[in-house]
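Colleague: Whatever this is, show me its structure:
(one chain, ligands or ions: 1)
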Amino acid sequence: MQDKTSSLRETFKELIGRVNSSEEIEKLRVEFLGKKGHIASLMSQLKTVPNEEKKAFGQSVNELKQKIEQQLAEAHEKIVKLEEQRQINAAEDYDVSLPMNIEMGSYHPITVIQREVEEIFRTMGFTIEDFSEIVDDYNCFEAVNIPKYHPARDMQDTYYLDNGQLLKTHTSAAQNSIMRKYGAPLRAVFPGRCFRNESTDACHENTFFQMEGIMIDEDISISNLIYFMKTMLSEVFGQDVTVRLRPGFFPFVEPGFELDIQCLICGGEGCPSCKNSGWLELCPCGMIHPNVLKYGGIDSEKYTGFAFGLGLTRLAMMKYGVKDIRVFNSGNLKALSQFIGK
Ligand code: DAH
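Modeller: Residues are numbered from 1 along each chain as shown. A predicted model of the protein is given here:
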């Protein structure tokens with residue numbers, strides 16, 4: 001009987017030395033310690049053992065059982081660590097020096113420049129407002145002092161919906177709602193997509209982006225307008241820009257201006273980029289017309305303000321040297337993905 005225990009011990013020793021995974025350990029545990037395992041069958045033979053040997057036999061089986069349990073536990077601990085290491089090794093089974101095969105996305109150049117300008121105005125205390133692309137005639141025209149049959153409407157033909165609403169022709173369409181929402185004093189910029197019924201060519205698109213801004217407070221003057229425009233443009237172009245104002249007509253401002261910047265390429269000498277004039281027309285602006293303030297629910301005796309309508313698409317063309325405006329709506333990834341945005 002003692003022989004049986006020691007031969008079992010030998011067998012176990014050999015088998016446990018060869019295990020290589022936690023599954024194999026479990027198999028061994030069942031084979032030796034399970035209900036129908038070797039230890040159980042040894043125990044069942046106890047009754048056939050002569051009485052005087054029973055105690056010693058029982059003891060040696062128990063010892064063997066304990067030894068097996070202990071060795072299984074030790075082997076299990078070792079194997080678990082080994083298996084973890086194997087997993088880590090498998091995960092690192094790639095070549096870090098191979099080139100990546102991932103197509104990186106990029107922001108649209110208009111988005112890049114829009115965010116840049118937004119950030120500049122945010123740091124100057126302006127809020128960023130959103131407004132719908134479908135508006136009604138009142139917001140797009142009447143509220144900004146362009147009554148029905150006013151000739152200024154001719155320059156802004158657009159797409160009308162069956163219900164009388166229209167695709168907004170300029171971001172000025174949001175002025176009234178924003179004035180009504182916040183009242184004075186007020187500083188806000190509102191970027192947006194605009195639409196016009198235009199034949200397209202290198203300089204004209206039926207869909208383009210603007211960024212409108214308004215600042216309303218007591219004693220706001222043209223000097224404030226010039227200061228904010230100059231600061232914003234110097235930030236955008238990363239250098240000091242020289243600006244000038246020319247008279248311009250827009251029904252919602254009085255006086256109204258065209259703001260030009262001195263050509264950054266020739267420094268004002270005249271070159272093909274500025275059509276030899278030394279100046280680039282960049283941003284129409286002006287002092288908000290008292291009617292527009294009134295329609296917006298703001299006391300035009302107490303408050304004054306300036307407004308500007310920056311052509312974001314035009315700014316992007318200038319900043320990135322894009323010669324054909326149609327590139328922006330082309331979906332041509334070869335061209336558009338060159339402007340990786342933040
Ligand atoms: N809304 C005008 C347009 O699209 C641009 C404009 C001009 C906006 C003067 C302004 C402004 O706020 O003061 O043609």
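Colleague: residues in contact with the residue in the chain positioned nearest to the ligand?
Modeller: Nearest residue of the chain to the ligand (CB to the nearest ligand atom) works out as Gly309 at 2.4 Å. Every residue, glycine included, has its C-beta placed from N, CA and C. By CB atoms under 8 Å, 6 or more residues apart in numbering, the contact list for Gly309 reads His170, Thr171, Ser172, Gln210, Met211, Glu212, Cys283, Pro284, Cys285.
Colleague: 7 Å instead?
Modeller: Contacts for Gly309 (CB atoms under 7 Å, 6 or more residues apart in numbering) come out as His170, Thr171, Ser172, Gln210, Glu212, Pro284.
Colleague: The first one contacts Phe195, correct?
Modeller: No. Using CB atoms under 7 Å, His170 is not in contact with Phe195; the gap is 9.6 Å.
Colleague: the more surrounded of these two?
Modeller: The neighbour count for His170 versus Phe195, taken as other CB atoms under 10 Å, is higher for His170 (23 against 20).
Colleague: ok so, going back, in a strand, the residue of the chain closest to the ligand, correct?
Modeller: Yes. The assignment for Gly309 by DSSP: H, G, I helix; E, B strand; the rest coil puts it in a strand.
Colleague: most surrounded residue in the contacts of Gly309?
Modeller: Ser172 (31 neighbours).
Colleague: Is the ligand within reach of stretch 287-303?
Modeller: No. No part of stretch 287-303 sits close enough to the ligand to count as contact by CB under 6 Å from any ligand atom; the gap is at least 7.4 Å.
Colleague: Need the residues that contact that stretch.
Modeller: 143-145, 175-176, 179-180, 183-184, 214, 216-218, 222, 252-255, 304-307.
Colleague: And the buried ones among those, selectable in ChimeraX?
Modeller: Those of the contacts of stretch 287-303 that count as buried under 16 or more other CB atoms under 10 Å are selected in ChimeraX with:
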select :143,144,145,175,176,179,184,214,216,252,253,304,305,306,307
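Colleague: From the contacts of stretch 287-303, pick out the ones that also neighbour the ligand.
Modeller: Okay, of these touching the ligand (CB under 6 Å from any ligand atom), that's Val253, Ala307.
Colleague: Cross the contacts of stretch 287-303 against helices and list the overlap.
Modeller: Under the assignment DSSP state H, the contacts of stretch 287-303 contribute Gln175, Asn176, Met179, Arg180, Ile222 to helices.
Colleague: excluding its backbone neighbours, what's nearest the third one?
Modeller: Ranked by CB to CB, 6 or more residues apart in numbering and with sequence neighbours excluded, the top spatial neighbour of Met179 is Gly296, at 2.8 Å.
Colleague: and which of the ones in helices among the contacts of stretch 287-303 is nearest to Tyr320?
Modeller: Nearest to Tyr320 out of the ones in helices among the contacts of stretch 287-303 is Gln175 (CB to CB; 28.8 Å).
Colleague: isn't that closest one right next to Met215, touching?
Modeller: No. Look at Gln175 against Met215 with CB under 7 Å: they stay out of range, at 11.9 Å.
Colleague: check contacts around Leu33.
Modeller: If a contact means CB under 7 Å, 6+ apart, then Leu33 has Ile39, Lys65, Ile68, Glu69 as its contacts.
Colleague: So which of those wins on neighbours?
Modeller: In terms of neighbours by other CB under 10 Å, the contacts of Leu33 top out with Ile68 at 22 neighbours.
Colleague: Can you tell me, leaving aside adjacent residues, what's nearest to that one?
Modeller: In this structure, Ile68 finds its nearest non-sequential neighbour in Phe32, 5.3 Å apart by CB to CB, 6+ apart.
Colleague: Quick check: pLDDT value at the one you found.
Modeller: pLDDT, Phe32: 92.
Colleague: The stretch 51-200 of the chain: strands as residue ranges?
Modeller: Here the stretch 51-200 of the chain has its strands, by DSSP state E, counting those that start in this stretch, at 127-128, 134-135, 166-167, 186-195.
Colleague: got a list of contacts for the second one?
Modeller: Strand 134-135 is contacted from outside by Leu161, Gln165, Leu166, Leu167, Lys168, Ala173, using CB under 7 Å, 6+ apart.
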